[in-house]
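>>> Quick one: sequence plus predicted model below, questions after.
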Amino acid sequence: MRRRWRELALAGPLALAAALAACGERAPLPGPDVAARVAGVDVRYGEIEAFVREQSGESSGALSSEALSRLLDQYLIETLLVRLAVDTGHAAPGARRGDAVEALLAAEPADPPGEAELVAVYEARRAELARPERLELRQLVAEQRASAERARRELAAGAPFERVLATLDDEAGSAASGEQGALARDDLPPAFAEALFRLPEGGVSQVFEAEYGYLVFQVVRRLPAATPSFEEARPLLERELASRRADAALARRVGEARGRYPVEVYYRNLPFSYRGEFPVARPYDPR
């Protein structure tokens, strides 16, 4: 029976649950504070609550069942990875969870992408990497239209932007004013975009009325539509491919851990409706 139990455990949690059901066996009722069991080790709900606060900054009572289910799954996956790290000798028992997981993943370093792969990805994504025409903009926000009109006139006359900004009386508007970065037409409200894209470099817009005040824009620079060269796109492509490889390595490790260790969620002990990906246990009370 012991050998059969090991075989079932290695077959994964779903096979284990099916085999137990076929045998008419069910796990005994856990304590009321046990949220799950991972490889025979109880996971207390207090651990889950602490993890929820750490990850979200909220108590479990402030989150939806969907969010809590995702966080519980995340905690269980991390628990599986820690157990795998210890059992495979990549981390010592009692090591910090984050350190154990990092050590496990570092044991399978990903090869950097080769030149041919980078070129192939660049060619496949060339159209996606193309940048539309953009404007580098500055924005002034005033509470009163009269202040905005005065600021517009001063900017149009050549006054430095920072000096005009310093004359605004509205502190809230001053906080919202300043450099806006490079924006494409789709980044701007349609009512602003058409007028702003007609302006030359250094041009000053009319006064626009918005919910949070009166706005004046100045065009710092016009950036034409362009497709980055392969060398310009290389750093982005290298980061994306490295991230993709890391995700694949993590998925392999998670699959290995889930195949090795059974996991059951005691949904009746949870203060929310569990909608995650792990099997739920249906224990019985032998008393």
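Here it is on my side, so go on.
>>> got the CA positions of stretch 238-250 in CSV?
The C-alpha coordinates for stretch 238-250 follow below in CSV (Å, rounded to 0.1, in the frame of the first residue of the first chain):
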residue,chain,number,x,y,z
GLU,A,238,16.5,41.0,-25.4
ARG,A,239,14.5,41.9,-22.3
GLU,A,240,11.3,40.4,-23.8
LEU,A,241,13.0,37.2,-24.8
ALA,A,242,14.8,36.9,-21.4
SER,A,243,11.5,37.4,-19.7
ARG,A,244,9.8,34.8,-21.9
ARG,A,245,12.6,32.3,-21.1
ALA,A,246,12.3,33.0,-17.4
ASP,A,247,8.5,32.4,-17.6
ALA,A,248,9.0,29.1,-19.3
ALA,A,249,11.6,28.0,-16.8
LEU,A,250,9.2,28.9,-14.0
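>>> Mind listing what's buried along that stretch?
Buried residues in stretch 238-250, defined by neighbour count with 16 or more other C-beta atoms under 10 Å: 241, 245, 249, 250. C-beta: built from backbone N, CA, C; applies to glycine.
>>> out of those, who's nearest residue 144?
Here the nearest of those to residue 144, counting by C-beta to C-beta, is residue 241; it sits at 52.0 Å.
>>> Could you say whether the nearest residue in space to that closest one that is not next to it in sequence sits in a helix, a strand or coil?
The shortest distance from residue 241 to any non-neighbouring residue, by C-beta to C-beta, 6 or more residues apart in numbering, is to residue 113 (4.3 Å). Classification of residue 113 using DSSP: H, G, I helix; E, B strand; the rest coil returns coil.
>>> so which pair among the buried residues of stretch 238-250 is furthest apart in space?
Of all pairs drawn from the buried residues of stretch 238-250, the greatest distance, 15.0 Å, lies between 241 and 250 (C-beta to C-beta).
>>> ok, which stretches of the stretch 101-250 of the chain are strands?
134-142, 178-184, 208-210, 213-223 (DSSP state E, counting those that start in this stretch).
>>> Who are the packing partners of the first one?
Using 3 or more C-beta pairs under 8 Å, 6 or more residues apart in numbering; DSSP states H and E as the contact criterion, the neighbours of strand 134-142 among helices and strands are helix 145-156, helix 161-166, helix 171-176, strand 178-184, strand 213-223.
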